[in-house]
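S.K.: Give me coordinates for this.
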Amino acid sequence: MAYTTIQDPEKYFQVVLYTGNGSNRDITLPGDTDLQPNLVWIKQRGGSGTSHTLFDSVRGVQEAIFSNGTNAETTRTDAVSAFNSDGFSVGSNGDLNANTETYVAWNWKEDSTAGFDIVTFTGNQTARTISHSLGVKPQWMWIKNREKVESWHSYHTTQGATKSAETNGTGAYSSSATIWNNTEPTSSVFTVGNNGNINETNSGIVVYLWSGIKGFSKFGKYEGNNNADGPYVFTGFRPAWVMIKRAGGANGWFLSDTKRVGFNGVATNSAAVGNPELSPNLDRTEAEGNTNWVDIYSNGFKPRITGNDTNGGSETYVYMAFAHQPMVNSDGIHSNAR
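M.R.: Numbering: from 1, shown residues only. Modelled structure (predicted):
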């Protein structure tokens, strides 16, 4: 049996770095394989006070939504203007393309093969099922009211449908019967409750759904040990992108990728060492978030800091990870990390 159905992760997920020029331009993704993204998530790396901004092909190319806030969707004509066959086009917006500022963009292709779907619906404030196209049970869902000032909410398979956490905040995964209606998603539908945050009558709602694909993505949990030599978390691939949240406590979300620095470091407060994190719930800079990184290995990752943010003793952490390259490809052959 093949280890993974995805031999080339670059067909479905890529990270790109670019330096802004303040003018309309095309951003070409760096992979050897072209990817036309359906979800583009952009963050300025050095500018304080700039939001995490998301664009997708289902809501519409110029419709911006922000992971670190509760703001409603807003139309930005000077922002992302096209999803191209090998990347995206961006305008002069300062959060996305200010002259000389540096940026990171995380890009996903909507495809059931890669376990990713984007769903929109109109709320009615009544518990109901909503169809999706994954063909398997979602393991991570991220939902937002597009038209009102409301929080993001997330489902993680290890926490179950009785719990939710706000991804624009720091709160724990806690009991919330009105978000997912205490009902686990299936291979064809997910359930929303009557909470106005995520199902308000006549409001447009967007949901991003992922399922784990062996060798490409994984949505799991680990237990911290409060040691700089943290627990080893096996994913089955060399991660390109990892996001972590303490499940039971009021700590933020921490996101690392291998493009922005690309090497494992030493636990210091220097912004130039290790894989620095960004926080999807905060508008802070990369330099301000350099105390909770992880080391990346050929088949997993390891937290390299003590404390409750990512590695508290006996604390449970949930994670979401996407591959740079599978440890074993679809032919059963060990891959060489690129």
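S.K.: Compute the number of surrounding residues for Asp32.
M.R.: Number of residues near Asp32 (other CB atoms under 10 Å) recorded here: 7. Glycine gets a C-beta too; all of them are placed from N, C-alpha and C.
S.K.: From here on, call the first residue 18.
M.R.: Sure thing, new numbering starts at 18, so read that last one as Asp49.
S.K.: Check the gap between it and Gly66 for me.
M.R.: Distance, Asp49 to Gly66, using CB to CB, to the nearest Å: 36 Å.
S.K.: Ala115 too?
M.R.: Applying CB to CB to Ala115 and Gly66 gives a distance of 12 Å.
S.K.: again, but for Ala89
M.R.: On the measure of CB to CB, Ala89 and Gly66 end up 19 Å apart.
S.K.: again with Arg277
M.R.: Relative to Gly66, and taking CB to CB, Arg277 is found at 19 Å.
S.K.: Give me the more crowded residue out of those two.
M.R.: Higher neighbour count among Arg277 and Gly66: Arg277, with 17 against 9, using other CB under 10 Å.
S.K.: so that one, which of the three states?
M.R.: coil (DSSP: H, G, I helix; E, B strand; the rest coil).
S.K.: what ranges do the strands span in the stretch 18-167 of the chain?
M.R.: Under the criterion DSSP state E, counting those that start in this stretch, the stretch 18-167 of the chain contains strands at 30-36, 42-45, 56-61, 70-73, 77-83, 91-92, 97-101, 104-107, 119-125, 133-139, 145-148, 157-162.
S.K.: Out of the ones you listed, the one nearest Ser205 is which?
M.R.: Of all the strands of the stretch 18-167 of the chain, strand 145-148 sits nearest to Ser205, with 6.2 Å by CB to CB.
S.K.: helices or strands next to the closest one in the packing?
M.R.: Contacts defined by 3 or more CB pairs under 8 Å, 6 or more residues apart in numbering; DSSP states H and E place strand 145-148 against strand 133-139, strand 206-209.
S.K.: Return the list of strands paired to it, each annotated with direction.
M.R.: If you go by DSSP bridges, strand 145-148 pairs up with strand 206-209 (antiparallel).
S.K.: Just the buried residues of the partner strand, please?
M.R.: Residues of strand 206-209 classed as buried by neighbour count (16 or more other CB atoms under 10 Å): 207-209.
S.K.: pLDDT weak spots in the stretch 168-317 of the chain?
M.R.: Counting by pLDDT under 70, the stretch 168-317 of the chain contains low-confidence ranges at 279-280, 282-292, 306-309.
S.K.: just the helices in it please.
M.R.: Counting by DSSP state H, counting those that start in this stretch, the stretch 168-317 of the chain has helices at residues 194-197, 213-216.
S.K.: what's the closest of the ones you listed to Gln53?
M.R.: If we rank these by CB to CB, the stretch that ends up nearest is helix 213-216, at 28.8 Å.
S.K.: what's in contact with the closest one?
M.R.: If you take CB atoms under 8 Å, 6 or more residues apart in numbering as the criterion, helix 213-216 is touched by 140-143, 145, 160-162, 167-168, 170, 196, 209-210, 222.
S.K.: Narrow those to just the buried residues.
M.R.: 140, 142, 160-162, 167-168, 170, 196, 209-210, 222.
S.K.: surely Asn185 meets Ser84?
M.R.: Yes - between Asn185 and Ser84 there is a contact at 6.4 Å, judged by CB atoms under 8 Å.
S.K.: which residues are in contact with both of those two?
M.R.: 169, 297-298.
S.K.: distance of the nearest residue to Ser193 once chain neighbours are set aside from Lys238?
M.R.: With sequence-adjacent residues excluded and distances taken as CB to CB, 6 or more residues apart in numbering, Ser193 is closest to Ser181, at 4.4 Å. To Lys238, Ser181 is 16 Å away according to CB to CB.
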